[in-house]
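*Asks:* Here's my sequence, what's the structure:
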Amino acid sequence: MKKYIFIFLFSVWSISVADSANNNNDNNPAFDPLLEREYGSVHGFVRDAESGGPILFATVRIKDTGRYRLTREDGSFHFDNIPARKYTFSVQHIGYVSIDKEIEIAANDTTVVQLELTPTVFYISETIVVTGTGRERGISETYQPTSVLSGLDFQRKMQVTIPASLEHLPGLSKQSFGAVATQPVIRGMGGDRVLVLEDGQRTGDLSTTAADHAVAIEPITAERVEVIRGPAGMLYGSNALGGVINVIREEIPRNMPDRIRGTLAIRGESYNNGISGGGMVNIPIGLFSFRGEASG
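*Replies:* Predicted structure coming up:
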């Protein structure tokens, strides 16, 4: 008899005191009485430097904060409740040269900016890596051998388990005890020599104790996977000699979604007549964000 396990995870969006102050105090909408900080907003546009037209779905990220937005059809983006100081904004889009620009956020005001991207034939992805660096860095800034899978690239290579989804990367393979019970191997090292993290935290599963235990992370709900090879993994402990695999799921969202977002995936296997699926939905409800997950 087949058994299906359904897992529901719920997370609550963390709301700062400034949000409630904005709703209750019209005379001073951008002041946090507890943190004694002043806040501002940013409204901007991303355009093509040659044609002047708007760029849709460009990623605008505030470095060192984890906050980002995708531009709308008119190329616009907006950030609210930003502590007033200077930030570095990173703008990226496939087919364009990525740029970084410093912007000063004014207190109790909305800063309007115009950002332009130059088209290019070659595009080198500068994916943000947060694992073991202390702050957000691009791949070119990290000293350790690092690989990142995200977006469509990760979805195309997704398999039943996390180790199977990563075995195409240089230096990575898997050891298996069946179709599901698989563990990652980095440069010939496996077991407790490879540390698997979920959103930067240890998973606490039994995958490193015996070959018949699987890595208890569902790849369908993962947004990004970061891999560090070699001794740089010892930043997480003396046993992680092989490396570190960090699965980013953002179970607690960093940004309030502006509409209902979700993913749904169904997989089938012909050699063992297997079928599996899973999904995730993120629903904004007032000042909170409801997140639900299910897999089986």
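*Asks:* show me where this protein has helices.
*Replies:* Secondary structure of the chain (DSSP state H): helices at 17-24, 151-156, 162-166.
*Asks:* How far off centre is the second one?
*Replies:* Taking Cα atoms, centre = their mean, to the nearest Å, one finds helix 151-156 lying 13 Å from the centre of the chain it belongs to.
*Asks:* buried ones in that helix?
*Replies:* Within helix 151-156, the residues that count as buried by 16 or more other Cβ atoms under 10 Å are residue 154. (C-beta placed from N, C-alpha, C; glycine too.)
*Asks:* what residues does it touch?
*Replies:* The contact list for helix 151-156 (Cβ atoms under 8 Å, 6 or more residues apart in numbering) reads 165, 222, 224, 225.
*Asks:* in this structure, which ranges drop under the pLDDT threshold?
*Replies:* Within the chain, the stretches with pLDDT under 70 are 1-36, 121-145, 179, 254-255, 271-272.
*Asks:* Determine how far stretch 66-86 lies from the middle of the whole chain.
*Replies:* Centroid separation between stretch 66-86 and its chain, computed with Cα atoms, centre = their mean, is 17 Å.
*Asks:* now stretch 233-249
*Replies:* Counting by Cα atoms, centre = their mean, stretch 233-249 is centred 17 Å from the centre of its parent chain.
*Asks:* Give me the neighbour count for the residue nearest to residue 263 when sequence neighbours are not counted.
*Replies:* Nearest non-adjacent residue to residue 263, counting by Cβ to Cβ, 6 or more residues apart in numbering: residue 280, 5.2 Å away. By the measure other Cβ atoms under 10 Å, the count of residues near residue 280 is 23.
*Asks:* Start at 43, not 1
*Replies:* From this message on, residue numbering opens at 43, which makes the last subject residue 322.
*Asks:* My read is that residue 322 contacts residue 333, right?
*Replies:* Yes. Using Cβ atoms under 8 Å, residue 322 is in contact with residue 333, at 7.1 Å.
*Asks:* if I look at the residue lying closest to residue 227 once chain neighbours are set aside, how far off is residue 192?
*Replies:* What sits nearest to residue 227 in space, not counting adjacent residues and going by Cβ to Cβ, 6+ apart, is residue 215, at 4.6 Å. Residue 215 sits at a distance of 21 Å from residue 192 (criterion: Cβ to Cβ, to the nearest Å).
*Asks:* Ok, residue 319 next?
*Replies:* Residue 319 sits at a distance of 21 Å from residue 192 (criterion: Cβ to Cβ).
*Asks:* Also residue 131?
*Replies:* Distance from residue 131 to residue 192, by Cβ to Cβ: 20 Å.
*Asks:* One more: residue 126?
*Replies:* As for residue 126, its distance to residue 192 is 31 Å (criterion: Cβ to Cβ).
*Asks:* repeat for residue 158
*Replies:* As defined by Cβ to Cβ, residue 158 lies at a distance of 25 Å from residue 192.
*Asks:* Next: residue 208.
*Replies:* In this view, residue 208 and residue 192 are 13 Å apart by Cβ to Cβ.
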